[in-house]
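# Just the structure for this:
(one chain, ligands or ions: 2)
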Amino acid sequence: MTEKGWKELTIGTINLEAGNSLQNYTGTFRSGEKPIFKEETCIHCLFCWVFCPDSAIIVKDNKVKGIDYNYCKGCGICVIECPTKPKSLEMVVEEIYL
Ligand code: SF4
Ligand code: SF4
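Ligands and ions are numbered 1, 2, ... in the order given. Model prediction:
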């Protein structure tokens, strides 16, 4: 990839290719832990969906269906924000193959 000079950038560096973050699989640099969804205790408040920085919480018909591990980077924010006791999301260690 060749770098662009400043004269080739858009004014204000506006991104003219909106939506291109879908091509960036943030799950490929996951931390070594990942959240597991436990449907049995979930109250579908959608806090996890609101707070997830990578839009990795899968929601259908206003209910959480799971986690898209292509985009989940394992930050654990969804687990922290989940209000149920016990939590409906739990971080687990994940084996990493290099
Ligand atoms: S750990 Fe939770 S909040 Fe963080 S990216 Fe994965 S699903 Fe989103
Ligand atoms: S934050 Fe917890 S209870 Fe709320 S929707 Fe997500 S998993 Fe379910």
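# near ligand 2, which residues of the chain show up?
Contacts of the chain with ligand 2, taken as CB under 6 Å from any ligand atom, map to 42-48, 64, 81-82, 84, 88-89. The C-beta positions use only the backbone N, C-alpha and C, and glycine is treated the same way.
# Just the pLDDT at Leu89, thanks.
Note on Leu89: pLDDT of 98.
# That one: what's it in contact with?
Contact analysis of Leu89 by CB atoms under 8 Å, 6 or more residues apart in numbering lists 35-38, 48, 78-79, 82.
# and with 10 Å instead?
35-38, 41-42, 47-48, 57, 64, 67, 76-82 (CB atoms under 10 Å, 6 or more residues apart in numbering).
# what do you get for Glu94?
30-34, 36, 69, 74.
# Filter the residues of the chain next to ligand 2 down to the ones in helices?
47-48, 81 (DSSP state H).
# What segments of this structure are helices?
So, for the chain - with DSSP H - the helices run 47-51, 77-81.
# can you list the ones in helices among the residues of the chain next to ligand 2 in TSV and add neighbour count and pLDDT?
Shown next, in TSV, are these (neighbours: other CB atoms under 10 Å; pLDDT from 0 to 100):
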residue	neighbour count	pLDDT
Phe47	20	98
Cys48	26	98
Glu81	16	98
